[in-house]
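S.K.: mind folding the following:
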Amino acid sequence: RFATDEAGLLAISEAIDRFVALRLELERRQGELREFGEVLDRHDLSREFADIEYASIDDEIASVEGRLSALQDEDRTLAVELAEARRKLQVMEAQRGAETAAQRQSGIAAELALTARSFAVLEAARLLVSGALERHRAQFQDPILTRAAELFRRMTDGEYSDLRVTTDSDGKAMLQSVRADGEGVPLRGLSEGTADQLFLSLRLAALDAVSDTRDPLPFVGDDLLASFDERRAGHALQVLASAGERFQVILFTHHAHIVDLARAELADRVDVISL
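M.R.: Next up, the predicted model:
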């Protein structure tokens with residue numbers, strides 16, 4: 001048919017455009033079918049299209065597009081729901097981890113409480129036993145140690161008030177000097193002069209104890225006061241003079257200041273013999 005007016009030409013042009021569009025759509029659909037392995041040739045497609053009512057094809061296309069759009073919307077909705085579900089799952093897993101950590105922390109806290117209680121009980125027992133031992137030692141302390149503590153206190157002018165026997169980490173007995181404030185000082189913590197004063201106190205106390213049961217032995221010392229300062233040397237000379245009332249005390253020295261100090265401290269209680 002040939003168009004005889006402008007309206008006819010417009011109708012023919014629209015039909016051509018529609019034909020081209022359908023041809024392109026047909027090729028696209030064939031391509032999609034090939035991707036799924038359902039290859040149909042043109043004759044097969046012609047047979048498939050024989051039953052199509054072309055008057056209603058626009059309505060069918062619109063219906064299919066509507067369903068496609070609905071499926072795409074549903075897909076997006078499901079994607080959002082899936083993402084939210086994954087997020088909630090991560091939160092739940094984190095919460096389970098936190099709950100597990102909290103339970104473990106609670107268990108550790110309970111274990112620490114039991115350990116602390118056991119430690120407190122053991123520490124209380126240790127203090128009770130230590131106190132009982134200290135009282136026992138104080139009550140039954142060796143008379144020699146008691147006498148030595150008195151002499152040591154005099155030599156140090158009261159800086160050290162007592163001597164006591166304790167045990168080290170291996171359970172071995174050890175001697176401690178006790179400061180006036182009650183602090184215990186082991187032998188290695190004493191200065192050279194103070195350690196010499198402690199040994200002198202112990203020697204004099206032992207000789208004093210022997211004098212109670214047998215003929216007294218003389219005490220002979222050689223430059224015993226060399227490490228003493230002048231104040232403590234004076235106190236030591238007083239202690240030696242007092243010991244001379246129980247047994248003979250002989251002190252050798254080549255330090256002139258010790259001789260002068262002895263004369264000043266002891267007066268007629270000392271005999272100075274120059275050799």
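
S.K.: when you work out contacts or count neighbours from here on, use the C-alpha atoms and nothing else.
M.R.: Noted.

S.K.: in the chain, what helix or strand scores lowest on average pLDDT?
M.R.: Scoring the helices and strands of the chain by mean pLDDT, DSSP states H and E places helix 42-49 at the bottom, with a mean of 55.

S.K.: where along the stretch 151-275 of the chain do the strands fall?
M.R.: 160-167, 173-179, 184-186, 219-222, 249-252 (DSSP state E, counting those that start in this stretch).

S.K.: deepest of those, which one?
M.R.: Highest mean neighbour count among those (mean count of other Cα atoms under 10 Å): strand 160-167, with a mean of 19.

S.K.: now for that strand, which elements pack on it?
M.R.: Helices and strands touching strand 160-167, as assessed by 3 or more Cα pairs under 8 Å, 6 or more residues apart in numbering; DSSP states H and E, comprise helix 143-155, strand 173-179.

S.K.: for the ones you listed, which one sits closest to R269?
M.R.: R269 lies closest to helix 143-155 among these, at 17.8 Å (Cα to Cα).

S.K.: ok, residues contacting that closest one?
M.R.: Helix 143-155 has contacts (Cα atoms under 8 Å, 6 or more residues apart in numbering) with 159-164, 197-198, 201-202, 204-206, 209, 232-233, 235-236, 239.

S.K.: give me the buried subset of these.
M.R.: 160-164, 197-198, 201-202, 204-206, 232-233, 235-236, 239 (16 or more other Cα atoms under 10 Å).

S.K.: the residues you listed in helices, which ones?
M.R.: 197-198, 201-202, 204-206, 232-233, 235-236, 239 (DSSP state H).

S.K.: quick one: contacts for L261?
M.R.: G234.

S.K.: tell me how far the closest residue to L202 other than its chain neighbours lies from A206.
M.R.: Among residues not flanking L202 along the chain, A148 sits closest, at 5.0 Å (Cα to Cα, 6 or more residues apart in numbering). As judged by Cα to Cα, to the nearest Å, A148 and A206 stand 8 Å apart.
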